Structure formats: C-alpha cells, structure tokens
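Asks: got a sequence here, can you build the structure:
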Amino acid sequence: MIETGLGVAGLALLLLSLMMLALRPRRSRPFVEASLTIGAGLLGIAIGLVVANRHEPPLPIAAAAPTVAPPPAEPAPPGYVESRLSLQFPIDDEYPTSSATSNVFDWYALRNSINYVPAAGEKLDKPQNQLLKLLTDVSWSWLILVVFDRPTQYSRLQVSFAGGQLPFYQIARQNPRYAVIHVQGRIPAGEMEITTNE
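Replies: Next up, the predicted model:
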C-alpha cells in the first residue's frame, strides 16, 4: 500500500514539476529549471518503483517449533573378548613366529641388541672385555606389540613362557586396542603365550 502511494506521489511530483515549468515566468533560465524539474520527478518515480519492488515475506500462520536433532549415540564401551597370541622363539635369538592367535589383528616383535665379538686371539679375561661381554648381555631387549582385532576390556594381561626362564618383563602400555610388552634380556628358545584375563 505504501509502495503504491510513493509511486503515485513521484508521478504527481513529476507532473507538477512539468506544469510549473510550463507556467514559469519568461525571465528565468529555461534549461536549468527544466533539468531540475525532470530530475526531481524521475527521482520520485525511481523511489516509488524501488520500494514497490521489495517483497516482504509473508507472516507465518503458526511458528513451527525448531527441530533439534538428537545427539549422536555414545558408542557402547567394549566388552571382554578373549584374546591370545602364541609366539614361538627359535634358537640363536631369531625373530619369533606366530603359532596361534585369537582376536589378534596384528603383532610385531622388535629386538634391540649389541653384539660384541672379540678379535681373533683376544682373550675374554681382560677386565674391559668382561665388561663389554656383560654390557652385551644386558643390552638385549625386546618390544612386543599386540594389536587386538576387536577392542577388549580386560583386567589383566598375562605373559607365560614354556621352554626356559623368561627374563624380566613389564607391560609398558595397554588399552582395549593394543598392548606393548617390554622384555629386558635374551629370550631363550621356547613358546611365549600372551593372554587377556577378564
């Protein structure tokens, strides 16, 4: 309604300006007055058209309640899945092979060692040679990484060994997805069994 009124007012202003231009006294400058009159009228029409062209959004009949998406469901904590890895250690400190697995996606054994071989004809009775031999034996260590196929919530990780005396070991890191076992020393030939307990 207002837009139409502004458009009509602009058209009326243009017509009034043109009529005033025709009835003006003859002594004034016609070009300047004509330009001002036509400019004022066109400005009025332009304002009316711009305002008339604006579209107001229709008023909503009833405001719809905003929909709120439910929060994503929390993943269920993993339950206990029996997991087992059997590693067969051969002689001469070679890397182990897997003989049986249950719920094990992958595993890896990393050996860290220093080998000392005395020169030909050199005896091990010298103190420095005995120290090097001792450092060689102490420097041996293994890191065994076990990655579970399905996450498992276990209370304890048990390491057993058949075939000899297993050196000192500790569970360096563990969670429902993997476990890292650190063995300090040489692992003799035999079978290592890594199992989870509920």
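Asks: what's the domain layout of the chain?
Replies: Annotated domains of the chain cover 2-53, 84-197 [automatic domain parsing].
Asks: least reliable of these by average pLDDT, please.
Replies: Here these differ in mean pLDDT, and the lowest is domain 2-53 at a mean of 66.
Asks: show me which residues of stretch 173-192 are buried.
Replies: 176, 179-183, 185-187, 190-192 (16 or more other Cβ atoms under 10 Å). The way it works is simple: take the backbone N, C-alpha and C, and place the C-beta from them, glycine included.
Asks: closest to Gln170 among those residues?
Replies: The shortest approach to Gln170 among the buried residues of stretch 173-192 belongs to His182, at 5.5 Å (Cβ to Cβ).
Asks: that closest one contacts Gln170, doesn't it?
Replies: Yes - counting by Cβ atoms under 8 Å, Gln170 is a contact partner of His182 at 5.5 Å.
Asks: gap between Val159 and Leu15?
Replies: 103 Å (Cβ to Cβ, to the nearest Å).
Asks: out of the two, which sits in the more crowded spot?
Replies: Set Val159 next to Leu15 and count neighbours by other Cβ atoms under 10 Å: Val159 wins out with 17 against 11.
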